[in-house]
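A.B. asks: What follows is a predicted protein model with its sequence.
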Amino acid sequence: MSWLREEVLRRADIVEVVNEYVPLKKKGANYWALSPFKPEKTPSFAVSPSKQIFKCFASGKGGDVIRFVMEMEGLSYGEALRKLAQKYNISLPEDTDRSPSQTRERQRYLAIYQEALRFYREKLRDSPAIAYLERRGIKPQAIETFQLGYAPPDGAALTQYLLQLGYPEKVLLEWGLSLRSEGTGRLYDRFRGRLIFPIHDEQGAVIAFAGRTIEQDEPKYLNSPDTPFYRKSDILYGLYQARSVLRKDMPALIVEGYLDVISLHQAGFAQAVATCGTALTEAHLDRLRRYTKRLMLMYDNDSAGEAATLRAIAIGLNAGFFVSVAAIEGAKDPDELLQSQGASAIHEALDSQLSWVKYLTAKQPTDTPEKRYQLIQQIGENLRAIPDPLLQRVYAEEVEDALRIPIGFWENFDRAELSARKDSVLPRAQRITAEKELLRIALTYPTHLYAEMPIWEFLREEFRHLVFSDENAERLRRILCEWVAPAPPTVSELVQDMSPEMQDWLTELLMEKHTLSPHWRMWDDSPMEEEPVAVLESNLALLHLNHIQRLLIENLNILSSLSPDNPTYEEHLSIHQVLIRQRAALAQQWGILLPYQTHHYNPEEK
């Protein structure tokens with residue numbers, strides 16, 4: 001853990017920080033509020049002052065105070081850390097993500113782009129772009145929200161303005177604001193006679209521009225080139241304005257054009273974003289993942305838009321998103337649909353959205369074996385790309401409904417296995433519950449004594465002899481087994497290297513979803529107090545019982561393959577009897593019913 005992270009976590013109070021965003025109310029040991037990430041009527045957002053973590057049961061998000069600021073502000077880890085450090089007056093010796101020179105360079109970059117923005121916005125007044133925007137139905141409020149501007153047609157107006165402010169030619173060229181004439185060697189503006197769309201990062205800083213002709217010039221759009229601080233394949237237009245809406249569990253509405261985004265926001269569809277002249281990429285989805293796991297594609301109603309939709313479906317599924325398609329009917333793009341048919345047509349398109357499975361099956365003909373083969377091949381590749389086995393199965397079931405292809409078919413399509421192992425004494429859900437309870441007890445009561453040693457130390461030794469079936473539980477078990485510090489890990493120490501998804505899982509493990517009514521105190525001074533030793537022993541017994549059952553099945557398989565004359569037959573028969581006795585004793589000790597065959601081996605059945 002870095003010094004800065006330690007200092008921020010030491011000084012920052014998560015209750016104080018969260019309360020600046022949402023009003024908290026104390027109930028029991030925790031504080032509660034309505035989720036800031038998803039609409040709800042009953043508070044399910046909890047903050048634990050003792051553990052210094054939050055958990056949103058509505059959205060699944062959880063973590064420490066740094067993760068909370070990342071989610072609320074759409075910041076990177078380093079940016080959230082700096083924001084909290086500044087709030088608590090912690091000196092920053094250097095940028096946490098960049099070297100001091102890189103930080104100064106970025107500050108200069110943002111400053112010159114801010115000057116360019118000021119120039120373009122000033123030039124918009126009384127320009128021909130105003131009439132163009134009025135024809136397109138763009139209102140003054142949207143112009144202000146998206147900070148639209150105008151680049152005058154004379155060749156070097158912005159260049160001369162910036163040079164007069166003291167910026168060198170080299171900077172104007174490298175940062176994409178000016179070009180050099182091959183004939184005269186002089187600098188001229190990259191954007192001339194165009195409506196200007198500023199492109200913001202997620203904190204609202206302008207980092208690039210796009211320009212649209214308002215005449216019939218070609219090309220219709222010009223974009224800033226990639227620079228050290230802007231990559232087209234990484235930035236989504238409109239995401240800065242859409243952040244607060246996307247946090248409310250809205251799907252990101254992906255469209256193609258800048259004007260599509262502005263028109264949709266103006267009409268009340270503030271979840272719309274667009275790429276900056278590129279196809280949808282993994283980097284785009286990495287940014288969106290901070291806000292939503294749902295994609296709704298609304299590309300242009302032409303062959304290029306259809307091809308872009310197919311590509312976006314594949315990349316969205318590969319990134320673990322739920323993907324649907326909202327088709328445009330009777331117009332070429334969302335902006336034209338709004339202008340010609342109004343907001344009700346957009347509502348209708350969104351309400352009629354199709355999952356990617358239904359979209360493909362409706363779009364692709366299957367009237368010949370070849371076409372059906374191509375459709376199945378495409379669906380299979382999309383299913384194979386989905387990283388979540390459960391999500392794979394959900395979509396495989398939808399394919400089964402649409403095309404009558406059984407789920408088992410996809411197991412031969414180089415896919416991950418869809419069904420869980422069945423050689424266990426415990427149902428999978430019960431087994432996972434026992435695993436999670438032991439992990440929770442180890443982290444919640446680490447110093448509580450059991451067998452004359454802290455629970456943390458006792459369970460760490462037990463964990464070294466177990467393998468957990470739940471992926472996240474197994475990942476945490478390994479972390480705890482590899483922990484070398486003498487003191488048990490804190491939650492903040494655990495989450496610093498965890499993915500957001502793993503942080504969500506851990507905070508749900510440690511945070512109680514429901515609070516106890518104060519009226520219970522009328523009947524019991526300490527109602528429903530947890531007894532960590534009893535929880536430990538009962539759940540550890542379940543896992544040990546599960547382990548014995550597996551050994552029993554493995555030994556039975558060996559016995560079934562041996563004849564009584566085999567030298568090792570008696571040895572395995574003896575092992576079988578010992579395991580039966582151990583299992584019965586453990587079950588009787590803890591009052592566990594054995595809902596499986598007792599497997600008393602009878603050699604005459606061979």
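C.D. replies: Alright, I've got the coordinates. Numbering: from 1, shown residues only.
A.B. asks: Kindly format the C-alpha coordinates of stretch 121-131 as PDB.
C.D. replies: Output of stretch 121-131 as PDB, limited to C-alpha atoms (Å, rounded to 0.1, in the frame of the first residue of the first chain):
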ATOM      1  CA  ARG A 121     -17.500  30.000 -28.200                       C
ATOM      2  CA  GLU A 122     -17.000  33.700 -28.700                       C
ATOM      3  CA  LYS A 123     -17.000  33.300 -32.500                       C
ATOM      4  CA  LEU A 124     -20.300  31.300 -32.400                       C
ATOM      5  CA  ARG A 125     -22.200  34.600 -31.700                       C
ATOM      6  CA  ASP A 126     -23.800  36.000 -34.800                       C
ATOM      7  CA  SER A 127     -22.100  33.300 -36.900                       C
ATOM      8  CA  PRO A 128     -23.900  31.300 -39.700                       C
ATOM      9  CA  ALA A 129     -23.700  28.300 -37.300                       C
ATOM     10  CA  ILE A 130     -26.500  29.800 -35.200                       C
ATOM     11  CA  ALA A 131     -29.000  29.600 -38.100                       C
END
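A.B. asks: buried set for stretch 172-188?
C.D. replies: For stretch 172-188, the neighbour count (16 or more other C-beta atoms under 10 Å) marks 172, 175, 176, 177, 178, 179, 187, 188 as buried. C-betas here are computed from N, CA, C, even on glycine.
A.B. asks: Among these, which pair sits farthest apart?
C.D. replies: Pairwise distances across these (C-beta to C-beta) peak at 15.2 Å, for the pair 175 and 188.
A.B. asks: check contacts around residue 578.
C.D. replies: Counting by C-beta atoms under 8 Å, 6 or more residues apart in numbering, residue 578 makes contact with nothing.
A.B. asks: I'd like the average pLDDT over the helix or strand encompassing it.
C.D. replies: Using DSSP states H and E, residue 578 falls within helix 569-590. Averaged across helix 569-590, the pLDDT comes to 81.
A.B. asks: My read is that residue 30 contacts residue 47, right?
C.D. replies: Yes. Applying C-beta atoms under 8 Å as the test, residue 30 and residue 47 come out as touching, 6.2 Å apart.
A.B. asks: what is in contact with these two at once?
C.D. replies: Counting by C-beta under 8 Å, 6+ apart, nothing touches both residue 30 and residue 47.
A.B. asks: These two: which is more packed in?
C.D. replies: Set residue 30 next to residue 47 and count neighbours by other C-beta atoms under 10 Å: residue 47 wins out with 26 against 22.
A.B. asks: Just give the closest residue to that one, not the sequence neighbours.
C.D. replies: With C-beta to C-beta, 6 or more residues apart in numbering as the criterion, residue 47 has its nearest non-adjacent residue at 4.4 Å, and that residue is residue 31.
A.B. asks: List the residues that contact the one you found.
C.D. replies: Listed by C-beta under 8 Å, 6+ apart, the contact set of residue 31 reads 15, 18, 19, 24, 25, 46, 47, 49.
A.B. asks: surely residue 312 meets residue 305?
C.D. replies: No. Contact criterion C-beta under 8 Å: residue 312 and residue 305 do not qualify, at 10.1 Å.
A.B. asks: And the two? Which one has more around it.
C.D. replies: It is residue 312, of residue 312 and residue 305, that has more neighbours when counted by other C-beta under 10 Å, with 24 against 18.
A.B. asks: And the more buried one, how close does it get to residue 279?
C.D. replies: As judged by C-beta to C-beta, to the nearest Å, residue 312 and residue 279 stand 8 Å apart.
A.B. asks: which of the residues in the helix or strand where residue 339 lies are buried?
C.D. replies: In this assignment (DSSP H and E), residue 339 forms part of helix 334-341. In terms of neighbour count (16+ other C-beta under 10 Å), helix 334-341 has its buried residues at 334, 335, 336, 337, 338.
A.B. asks: what's next to that helix, contact-wise?
C.D. replies: Contacts of helix 334-341 (C-beta under 8 Å, 6+ apart): 136-137, 255, 257, 259-260, 263-264, 267, 272, 298, 328, 330-331, 345-346, 349.
A.B. asks: and these, which of them are in strands?
C.D. replies: By the criterion of DSSP state E, membership of those in strands covers 255, 272.
A.B. asks: Return the members of the contacts of helix 334-341 classed as buried.
C.D. replies: Neighbour counting by 16+ other C-beta under 10 Å classes 255, 257, 259-260, 263-264, 267, 272, 298, 328, 331, 345-346, 349 among these as buried.
A.B. asks: related to what we said a few turns ago, so for the helix holding residue 339, what's the average pLDDT?
C.D. replies: Per-residue scores along helix 334-341 average to 95.
A.B. asks: Restricting to C-alpha, output that helix in PDB.
C.D. replies: Taking Å, rounded to 0.1, in the frame of the first residue of the first chain, the C-alpha atoms of helix 334-341 are listed here in PDB:
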ATOM      1  CA  PRO A 334     -31.700   9.200 -34.200                       C
ATOM      2  CA  ASP A 335     -31.500  13.000 -34.900                       C
ATOM      3  CA  GLU A 336     -33.600  12.700 -38.100                       C
ATOM      4  CA  LEU A 337     -36.100  10.400 -36.200                       C
ATOM      5  CA  LEU A 338     -36.500  13.000 -33.500                       C
ATOM      6  CA  GLN A 339     -36.900  15.900 -36.000                       C
ATOM      7  CA  SER A 340     -39.500  14.000 -38.200                       C
ATOM      8  CA  GLN A 341     -41.500  12.000 -35.600                       C
END
